[in-house]
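Novice: give me coordinates for this.
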Amino acid sequence: MNQPVDRNQVNQRIADLLAFDRRPAPGPAQTAPKKRAPDMSLIFFSDSNQGLGHTYQLVFELTEFADRAGFAAVWLPERHFHPFGGIYPNPAVLAAALARTTEQIRFRSGSVVLPLHHPVEVVEAWSMVDHLSGGRVDLGFASGWNPNDFIISPETYGDLRKVWFERIGQVEKLWRGETMRFANGKGEATEVRVYPKPLQEQLNVWLAISKSEESFRFAGAKGYNVLTMLQGIDLDKLGEKIAIYREARAGAGFDPDGGCVTLMLHTLVHRDLDTVRAAVREPFFNYIKSALTGHMQTLDKADRPGESEVRKMVEYSYERYFKTGALFGGVDDVMPTIEKAVSVGVGEIACLMDFGPEHRVVMESLPYLQSLKEQVTSLSFDS
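Specialist: Numbers count the residues shown, from 1 in each chain. As a prediction, the model looks like this:
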């Protein structure tokens, strides 16, 4: 049965999303992780109302740039039934198209909402992408949270986290070519093996996590990687979560310094800070507001914040993200944020660039982004 909407939980998610928290920032994490120069990747999550021209044009252009420039991966999300991210209902379809126009960049779901899909369906689709790309697939998995998304699979909503954890292991087994037993249309337990068998024997797995300590601990204990964002926390607080992840890895017998924590950051690196500020003010403000409406859509109208309250929340969130939670400015402006992220244990920066700046501005920014990548990878972060 469907689980009723927990309004307190949704309200908390809205506050977390907007970082509407004026408490003093926490102190630095106590565990100092091993430092290394981070990988850099791109991640997509457009608002379909942002007016970026052809719906997927920017995705193709940025992916082809990233492939030539030596970025590690592109991340493709799954989202349903809302303008915010809703143009990405099936990341495997988009990855299949991108696979034929690229040579080396990896394709990562960022993320498959696993409780919405049968494990066989997931492996079949992404195995095709693995073949089309020559073995360049990694998969990130999310639990989902929005009850409207579960129109696709209403029976799994009540136990979504349990289903999420269970199905990851099932996907891994099927990916390795093992047989599994599932009920067929007659209710009979039937052994199945997925075809085509993926080119890669082992699947690299990421868990999409916001700030749940339980999820960081689970990811570490299973040896998975992590995809995260600064949702209601700062980099110091993220460092504390990463320390939990490292401790869980060690406790389960994995190399505590292994595994990758990927951090998504909104990004526009250009000539200077003034250029970026002028380019991102209106689109980023609207992007945050659209994200907020997505989190509010499960609430009764009487429970939703009023327009003035929404604007106040968005203004605060915009200022916070611009100053401390994004890569906005010239190359030298953003390097301290990257160095700080590395210092708390981040191993990969996923740059989100399709949040609404003019297409022309985004394309003009690419030489600066490439310069940033070269500067990051040339630095030694080891003491």
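
Novice: thought Val192 was touching His118?
Specialist: No: with contact defined as C-beta atoms under 8 Å, Val192 and His118 do not form a contacting pair (10.4 Å). (Each C-beta comes from the backbone N, C-alpha and C, glycine too.)

Novice: what's the overlap in contacts for these two?
Specialist: In terms of C-beta atoms under 8 Å, 6 or more residues apart in numbering, Val192 and His118 are both contacted by the residues Phe182.

Novice: name the SS class of the residue of the chain positioned farthest from its centre, please.
Specialist: Here the centre of the chain is the reference, and by C-alpha atoms, centre = their mean the most remote residue is Lys186, at 37.9 Å. In the three-state summary, Lys186 is assigned as coil, counting by DSSP: H, G, I helix; E, B strand; the rest coil.

Novice: ok, the nearest residue to Glu358 once chain neighbours are set aside - contacts?
Specialist: What sits nearest to Glu358 in space, not counting adjacent residues and going by C-beta to C-beta, 6 or more residues apart in numbering, is Ala279, at 6.9 Å. Ala279 makes contact with Leu268, His270, Pro357, Glu358, Val361, according to C-beta under 8 Å, 6+ apart.

Novice: tally of neighbours for the fourth one?
Specialist: Glu358 has 14 neighbouring residues, counting by other C-beta atoms under 10 Å.

Novice: tell me the SS of Leu139?
Specialist: strand.

Novice: tell me, how many residues neighbour the residue nearest to it when sequence neighbours are not counted?
Specialist: Excluding the flanking residues, the one nearest Leu139 by C-beta to C-beta, 6+ apart is Ser109, at 5.1 Å. Using other C-beta under 10 Å as the criterion, Ser109 is surrounded by 30 other residues.

Novice: what do you get for Arg249?
Specialist: Residues near Arg249, counting by other C-beta under 10 Å, number 22.

Novice: before we move on, what SS does Ser41 have?
Specialist: strand.

Novice: can you pull the buried residues of stretch 230-243?
Specialist: By neighbour count, and taking 16 or more other C-beta atoms under 10 Å as the criterion, the buried residues in stretch 230-243 are 230-235, 237-243.

Novice: just the ones in helices from those residues, please.
Specialist: Cross-referencing those with the helices (criterion: DSSP state H) gives Leu235, Lys237, Leu238, Gly239, Glu240, Lys241, Ile242, Ala243 as the overlap.

Novice: ok, so of those residues, who is nearest Gly258?
Specialist: Proximity of those to Gly258 (C-beta to C-beta) peaks at Ile242, which lies at 12.7 Å.

Novice: need the contact list for the residue nearest to Gln375 when sequence neighbours are not counted.
Specialist: Leaving aside its chain neighbours, Gln375 sits nearest to Val331 (6.3 Å; criterion: C-beta to C-beta, 6+ apart). With contacts defined as C-beta under 8 Å, 6+ apart, Val331 is in contact with Val269, Tyr368, Ser371, Leu372, Gln375.

Novice: do that again at 10 Å, thanks
Specialist: With contacts defined as C-beta atoms under 10 Å, 6 or more residues apart in numbering, the neighbours of Val331 are 269-272, 368-376.

Novice: again with Val334
Specialist: With C-beta under 10 Å, 6+ apart as the criterion, the residues that contact Val334 are 265, 267-269, 273, 276, 326-328, 349, 368-369, 372, 375-376.

Novice: what's the burial count for Glu201?
Specialist: 10.

Novice: who's in contact with Ile338?
Specialist: Neighbour list for Ile338: 37-38, 40, 263, 265, 327, 346, 349, 372, 375-376, 379, 381 [criterion: C-beta under 10 Å, 6+ apart].
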